[in-house]
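Visitor: Okay, sequence plus prediction incoming.
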Amino acid sequence: MTQTGPLPDNRNPLPPAARSIWLLLIVATLYFSYFHNLGGIGLVGPDEPRYAWIARAMAETGDWVTPRLYGKPWFEKPALYYWGAALSFKWFGVSAASARLPSALAALLATLSVAWLAWQLYGAETARWVLLLLPTTVGMIGFSHAAATDMPFAGMLTIAMVCAGVIVGLVPGSRDSAWWRLPWLLLFGFFLGLAVLAKGPAAIVLSGGGLLLWAASTKRWRDALGCLHPAAMVAFSVTTLPWYIFCARRNPDFFRVFIIEHNFKRYLTPEFQHIQPVWFYIPVVLIAMLPWSLILVWSMVSGISRLRRNGSVSASAAFWLCSAGFCLLFFSLSRSKLPGYVLPAIPPIGLLLARSFVRFSKESPKSLRWVTLAFAMVVLPVGITLIIIGTRFHASQSTGEGMVVGSCVLFAFALANLFLSFRSEGFPYAALSVLPVLLLIVEFRALIHPWFSPDPSGRTIAAELAAKQIPADRLYAGAMNRGQLYSLSFYLHREIGQWEEARANPGFLLVRSRDCARLVRPPLRCADPPIELPRSGWFVYRVEAGESVGGFDHLGGLGGSSRGGHRVDRQPR
């Protein structure tokens, strides 16, 4: 390994017109990739509505220490996301967009920090491409629009590793002054502490493992161990320990539930049932890096070829390879795997992708054209086939529409890659590659219609129930998936229980079709006709007692039985 990284190349500054175009494209990319349509769909899945509920409870009760779901302590994740979302609710109101804002901000900060380091290491051109290519990947767009802990964790860890890169001397001149390193040591400890507050001790493992792997490959042990400077450790402790100590003092079972069950057991055992093969994260990363996955593969092949010829890589490239590689290796060995676990590897891969693209597009422009053309030649026939099948031979309208939309996405990805092969000293044609991706983001609500129609969240159902004046405290849900049930509970601001015949009381039953009689048995009965919820496609039946039991009105509502009919699921992310 070489011991120092390359000096940044800032020669040939852009003319004013090209600089303006780049600035406009970068601002548009960052906004549309991370902030546009944050509330385009309601809170979906089992995690978004639960995390948002906990954050709203913090904002309402003022208890910023103990996360509570439906009034009970919930120690699946630490408090950082909940704090961010609770503040967002206070400042901007309770909504899906507010719940997802912390993830969007974390993605923005991570991207800007990586771009800054790319500028320091490789020059302005690579930094510009980081600001275009990284935000437009499927992984960064998707997780920045999720009300979850994945992006805050990845964002804070990425910034911590950028600070670590400065500490170990990747940036030219960063090792010349101990006083110059002090702020970076404090920042490293601070952001690593925030990462531990976002998702737990995995941040220490990932950062430490990446640094040790880099030290072993470069023989720069002294530089790597410099990250253990007392200043960094103090900043880390001051940031992290107060919440953990307060939460453990208030909740005696915190250590067992959070550390043992949700960290060690999740990693070492298949208890949480997220079992995947050891190669699971290879396709996950390729999908997360779309539409630039083929460029990534081409860069990897070219980089391996260069390594064989030269026998070494720069210390800066090795740093980010080790950071991303250790993350992938660590979670590949886990017994429990979910796509979001390897999100911390995406920013380092994005930086390496931008650097490789800039280098190889100058050194091998013909190869780049062939790669992008090959992508188009593969994608176009697939897209055309999907259109033919979707318009002529589909089994249902939604399936056909989904195939047509899928083909449009593939065409946009192909066009984006073709733009990358256009190079000019004047107008930055290649930078226009982000426009097809931004167009997909703008048309997001139309594109998801075949898959998310009707609304898969509980937002539409809750609005219709409120309009029909159905009391939430007397409502049961029939056969409803747990994600939509959690979402409905969030929007109704009350935990909604599933219908259980053995514990049923009179009230209102929410069902997907006119099948109330199949669920309700004597002495209860369904009162016809049902109340239709046309936008969501659901029906509400009034469930009343039979004559032998007495009238509906004097028996009260669901009361505690509704609450008991729904347990908190313990198979989280």
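Guide: Sure, I can see it.
Visitor: before we move on, what SS does A147 have?
Guide: Classification of A147 by DSSP: H, G, I helix; E, B strand; the rest coil places it in coil.
Visitor: okay, it: pLDDT?
Guide: pLDDT for A147: 95.
Visitor: And A374, by the same measure?
Guide: We have a pLDDT of 81 for A374.
Visitor: pLDDT averaged over the strand or helix carrying I295 - what is it?
Guide: Using DSSP states H and E, I295 sits in helix 293-310. Averaged across helix 293-310, the pLDDT comes to 84.
Visitor: how's the protein carved up into domains?
Guide: Per automatic domain parsing, the structural domains of the chain span 12-39+367-453, 42-363, 459-564.
Visitor: any idea which of these is most buried?
Guide: Among the domains of the chain, the stretch with the highest mean neighbour count (mean count of other C-beta atoms under 10 Å) is domain 42-363, at a mean of 20. Using the backbone N, CA and C atoms, a C-beta is placed for each residue, glycine as well.
Visitor: Got phi/psi on the nearest residue in space to H36 that is not next to it in sequence?
Guide: Leaving aside its chain neighbours, H36 sits nearest to I441 (5.8 Å; criterion: C-beta to C-beta, 6 or more residues apart in numbering). I441 adopts backbone torsions of phi -70, psi -40, taken as degrees, to the nearest 10.
Visitor: I441 is in contact with Y31, isn't it?
Guide: No - between I441 and Y31 there is no contact under C-beta atoms under 8 Å: 9.7 Å.
Visitor: for this protein, what are the low-confidence residue spans?
Guide: Residue ranges of the chain with pLDDT under 70: 1-12, 173-179, 267-274, 390-391, 393-398, 423-426, 450-451, 453, 502, 547-573.
Visitor: and P13, that one's in a strand?
Guide: No - according to three-state DSSP, the state of P13 is coil, so it is not within a strand.
Visitor: tell me the contacts of it?
Guide: Taking C-beta atoms under 8 Å, 6 or more residues apart in numbering as the contact definition, P13 lies against R19, A124.
Visitor: Tell me who's in contact with R100.
Guide: Neighbouring residues of R100 by C-beta under 8 Å, 6+ apart: L38, G39, S144, H145, A146, A147.
Visitor: Tell me which two of the residues you listed sit farthest apart.
Guide: Across the contacts of R100, no pair lies farther apart than G39 and S144, at 13.2 Å, counting by C-beta to C-beta.
Visitor: wait, W129 sits on L351?
Guide: No - using C-beta under 8 Å, W129 is not in contact with L351; the gap is 9.6 Å.
Visitor: Please, where are all the helices along the stretch 1-150 of the chain?
Guide: For the stretch 1-150 of the chain, helices defined by DSSP state H, counting those that start in this stretch occupy the ranges 16-34, 48-61, 80-92, 96-122, 124-133, 138-144, 150-167.
Visitor: Just the CA atoms from the third one would do, formatted as CSV, please.
Guide: So that's helix 80-92. The C-alpha trace of helix 80-92 is given here as CSV (Å, rounded to 0.1, in the frame of the first residue of the first chain):
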residue,chain,number,x,y,z
LEU,A,80,-31.5,9.6,18.6
TYR,A,81,-34.2,9.1,15.9
TYR,A,82,-37.0,9.6,18.4
TRP,A,83,-35.5,12.9,19.5
GLY,A,84,-35.1,14.2,16.0
ALA,A,85,-38.6,13.2,15.0
ALA,A,86,-40.1,14.5,18.2
LEU,A,87,-38.5,17.9,17.6
SER,A,88,-39.7,17.8,14.0
PHE,A,89,-43.3,17.1,15.2
LYS,A,90,-43.0,20.1,17.6
TRP,A,91,-41.7,22.5,14.9
PHE,A,92,-43.6,21.3,11.8
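Visitor: what's that helix packed up against?
Guide: helix 48-61, helix 96-122, helix 150-167, helix 178-199 (3 or more C-beta pairs under 8 Å, 6 or more residues apart in numbering; DSSP states H and E).
Visitor: And the residue at minimal distance from the centre of the chain, how far from V284?
Guide: The centroid of the chain falls nearest to F143 when counting by C-alpha atoms, centre = their mean (2.1 Å). The spacing between F143 and V284, counted by C-beta to C-beta, to the nearest Å, is 12 Å.
Visitor: before we move on, what about V371?
Guide: The spacing between V371 and V284, counted by C-beta to C-beta, is 22 Å.
Visitor: got a list of what L435 touches?
Guide: Neighbouring residues of L435 by C-beta under 8 Å, 6+ apart: A416, F419.
Visitor: For it, what is the enclosing helix or strand?
Guide: Assessed by DSSP H and E, L435 sits inside helix 434-442.
Visitor: now what about the very next helix or strand once past that helix, what contacts it?
Guide: Using DSSP H and E, the helix or strand that follows helix 434-442 towards the C-terminus is helix 444-447. With C-beta under 8 Å, 6+ apart as the contact definition, helix 444-447 has outside contacts at H36, N37, G40, I41, V405, C408, V409, L440.
Visitor: which one of the contacts of R100 is nearest A57?
Guide: Nearest member of these to A57, counting by C-beta to C-beta, is A147, at 14.2 Å.
Visitor: Not counting its neighbours along the chain, what's nearest that closest one?
Guide: Using C-beta to C-beta, 6+ apart and skipping the chain neighbours, the partner closest in space to A147 is A99 (3.8 Å).
Visitor: separation between the closest residue to A224 other than its chain neighbours and V65?
Guide: In space, A224 comes closest to A215 once its chain neighbours are excluded; the distance is 3.6 Å by C-beta to C-beta, 6+ apart. Distance, A215 to V65, by C-beta to C-beta: 37 Å.
Visitor: mind listing the helices for the stretch 401-550 of the chain?
Guide: Under DSSP H, counting those that start in this stretch, the stretch 401-550 of the chain gives helices at 434-442, 444-447, 459-467, 482-492, 516-519.
Visitor: Name every strand pairing with the longest strand along the chain and say which way it goes.
Guide: Looking across the chain with DSSP state E, the single longest strand is strand 524-533. Paired strands of strand 524-533, with direction, are strand 538-545 (antiparallel) (DSSP bridges).
Visitor: I would like the residues contacting the partner strand, please.
Guide: Contacts of strand 538-545 (C-beta under 8 Å, 6+ apart): 461, 464-465, 468, 470, 475-476, 504, 506-514, 516, 520, 523-528, 530-533, 551-552, 555.
Visitor: re the thing from before, now the helices of the stretch 401-550 of the chain in JSON lines, with distance to K265?
Guide: Below are the helices of the stretch 401-550 of the chain laid out as JSON lines (distance: least, C-beta to C-beta, whole Å):
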{"stretch": "helix 434-442", "distance to K265": "38"}
{"stretch": "helix 444-447", "distance to K265": "37"}
{"stretch": "helix 459-467", "distance to K265": "34"}
{"stretch": "helix 482-492", "distance to K265": "21"}
{"stretch": "helix 516-519", "distance to K265": "36"}
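Visitor: among the ones you listed, which is nearest V278?
Guide: Between V278 and those, the tightest spacing by C-beta to C-beta is seen for helix 482-492, at 27.8 Å.
Visitor: Show me what the closest one is packed against.
Guide: So helix 482-492, by 3+ C-beta pairs under 8 Å, 6+ apart, packs with helix 48-61, helix 459-467, strand 475-477.
Visitor: 7 Å - rerun?
Guide: If you count contacts as 3 or more C-beta pairs under 7 Å, 6 or more residues apart in numbering; DSSP states H and E, helix 482-492 packs onto helix 48-61, helix 459-467.
Visitor: Report the inter-axis angle for it versus helix 96-122.
Guide: Orientation of helix 482-492 against helix 96-122 (axes from the mean of the first three to the mean of the last three C-alpha atoms, to 10 degrees) gives an angle of 110 degrees.
Visitor: And for helix 482-492, what's in contact with it?
Guide: 42-46, 49-50, 52-53, 456-459, 461-462, 465, 472, 477, 495-496, 498, 569 (C-beta atoms under 7 Å, 6 or more residues apart in numbering).
Visitor: Recalculate using a threshold of 6 Å.
Guide: 43, 45-46, 49-50, 52-53, 457-459, 461-462, 472, 477, 495-496, 569 (C-beta atoms under 6 Å, 6 or more residues apart in numbering).
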